[in-house]
Every structure is written in C-alpha cells, then in structure tokens.
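**Q** starting from these lines, generate the structure:
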Amino acid sequence: MNQLLNKIALTLSQSQIDLPRLEARRILSFVCHKSEDEVALQERELSMAETQILEDIIRQRKAHKPLDKILGSKGFYKYDFIVSEDVLSPRPDTEILVEEAISLLPSDKPQKIVDFGTGSGCILLSLLAENKLWQGQGVDISAKALNIAKQNAALLGVEQQVRWINKGWFDADLPQLLDSPVDMIVSNPPYIPSQDIQSLDDEVKNYDPLLALDGGEDGLNHYRQIAQVSAPLLKEGGFILLEVGIHQAQMVADIFCQAGLHWVKTVSDLGQIARCVILKK
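**A** Numbering: from 1, shown residues only. Modelled structure (predicted):
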C-alpha cells in the first residue's frame, strides 16, 4: 500500500496538513482495521466500502477538521480516548499534569481526586487507571462532555472509581455536591483570552467547544473562581495541579496563593513553556 500511502500523504501535504505521512498511516490503519505497521507492509486493493470511507476522511481533513474528531479517538498518556466536537481534544502538553500527579499521590492508600472541567476525562481517567485505590470526581458544565467521559471510563474499566457532576465552578451548590475534603484537584480550565479566540488555528476554534477555550477578558476568569472553590475542598497537605497558557504561570500562582494555597513548583512542557502550576494547602 505504499503507493496509496504516498498519494494520501501528498494530498494532505498540499492542504498544509502537518505530518502528512504520519496521518496517512493513521488514516489507512483506521480504514483497513489494521495496525499502522501492518498497513505499511500490506499490498492489496481497498474495497469499494473502504474507498468511500477513505475519500470521506480525506475530504474532511482537507477542510482542516482535526483527524481525531474525524476518527473519533485520540491517544493521550497511555490510552486512547473517545473524542467529539463536544470535548477539547487531548493535547500532549497536558500529559504533564498526569505525570506530576502520579509522582505526588501515594500509591499505597486511597486518594480522592477532583477534576474541574473534565471534558473527555483524559486527565482524571488516566490517573484512576494507574491505581485502583484512587477515586475520582469529574466536574463539567457540559452534559455532552460528561457523556463522552462516561464512555471513556467504561473503556478503561474504571467506571466504579468515578462519579460525575454536571455543574460548573461558578454554580453556588457545587461544593455541597462534592465528596470532600479531597487529596488532589486537577484542572485544565479555559484560559484563552476572549479576544484571542479568533486568532487560534481553525482546527481549534472551529472544532473544540468554545466553553473549553474562552477564559474571559484576560484569560484568568476561571482560575479566580476555581481558587475560591478549591481552597476549602482540599485536605491539609492536599495539592492542586493546573494547566496554564503561555505567560500565565506566575499570575495563576499568585491568584491561588492569595486564596491561601502555597506554590510548590511550575513545570514546563516539551516546548519549554511553563505549563503546569502546582500548589499545596
């Protein structure tokens, strides 16, 4: 299938798609229900049904619909997650939160973890899949997002370790609905300043939910509210881990310190951008 792979990669490249060869392999893997390595070694013609599926995927991808939203799944940390236009696509940078959380949580005793703005559930469910002693609560204002998260919990076999709360952190009754105090809070809240939304890549602004992107005028609205809600929920010695946007780490740390928490460290992503702020009660 090398000839077909080359043809798909060329088509994607001409549409200014990054990593066209990599995407071509993933697309053919999906169409043929084979691993990417098997597809590269296979020599056969596509069936008519497979050809139609391939052509539909290419048509959508040329229009810059994200590949994970077309195929319905995205790899994150160690797992594949169901995704749709109702949830933010998991990003590799967010894996830092998972890695740091695992390093902070004791593995030999139960831990209560809350995920604010759980979306697909990728952060929380990756943590719960690491340790059967850990219990989670996933909070999201979007019922459609929680439906995706529930499906992912079932796929990872952790549905008995998690409960879902269809609320936002601006809802006054949220604290009463949570089983607290908790050992850890994780969150990747909306942090894009409102005026910057239109300058985002089409694949983000047109296909990720606006609710998961818009952080208000300065991008910090959600951090201010989460800080007020989080401090009373945490146990003494409990941690909160937050994903932040570029140039936001110090401002976010200040917001949470003013709410009574103590800065522990800030961790940079692979691009050396300060991406994860960690604080402790």
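**Q** who touches the residue nearest to K167 when sequence neighbours are not counted in this structure?
**A** Excluding its sequence neighbours, the residue lying closest to K167 (C-beta to C-beta, 6 or more residues apart in numbering) is L174, at 4.7 Å. Placement of C-beta: from N, CA and C, glycine included. Counting by C-beta atoms under 8 Å, 6 or more residues apart in numbering, L174 makes contact with V139, I165, K167, G168, V229.
**Q** and A24, by the same measure?
**A** A24 neighbours (C-beta under 8 Å, 6+ apart): L5, N6, I8, A9, L12.
**Q** out of these, which sit inside helices?
**A** Of those, the ones assigned to helices by DSSP state H are L5, N6, I8, A9, L12.
**Q** returning to that earlier point: format the contacts of A24 as TSV; extra columns: distance to L125, pLDDT and neighbour count.
**A** Output for the contacts of A24, formatted as TSV (distance: C-beta to C-beta, whole Å; pLDDT from 0 to 100; neighbours: other C-beta atoms under 10 Å):
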residue	distance to L125	pLDDT	neighbour count
L5	33	88	17
N6	37	89	13
I8	32	93	23
A9	33	93	19
L12	30	94	22
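**Q** ok, the residues you listed vs R275, which is closest?
**A** Of all the contacts of A24, L12 has the smallest distance to R275: 28.3 Å, by C-beta to C-beta.
**Q** the closest one and P20 touch, don't they?
**A** Yes - at 3.7 Å, L12 and P20 qualify as touching, with contact defined as C-beta atoms under 8 Å.
**Q** please identify which of the ones in helices among the contacts of A24 is nearest to I57.
**A** Closest to I57, out of all of these and judged by C-beta to C-beta, is I8, at 9.2 Å.
**Q** need the pLDDT of the nearest residue to S13 once chain neighbours are set aside.
**A** The spatial neighbour of S13 that comes closest, neighbours along the chain excluded (C-beta to C-beta, 6+ apart), is P20 at 4.2 Å. pLDDT for P20: 93.
**Q** what residues are up against P20?
**A** I8, A9, L10, T11, L12, S13.
**Q** kindly report the same for R275.
**A** D93, I96, E243, V244, A249, V267, S268, D269.
**Q** now do the SS call for it.
**A** For R275, the assignment made with DSSP: H, G, I helix; E, B strand; the rest coil gives strand.
**Q** and the gap between G72 and N152?
**A** Going from G72 to N152 by C-beta to C-beta, to the nearest Å gives 12 Å.
**Q** now the helices: where do they sit in the protein?
**A** 2-14, 20-32, 36-41, 48-62, 67-71, 95-104, 122-130, 143-156, 174-177, 202-205, 221-233, 249-258.
**Q** picking that back up, quick one: which of the contacts of L174 is nearest to N188?
**A** Closest to N188, out of all of those and judged by C-beta to C-beta, is V139, at 12.2 Å.
**Q** hey, which strand is longest across this protein?
**A** Longest strand in the chain, counting residues (DSSP state E): strand 234-243.
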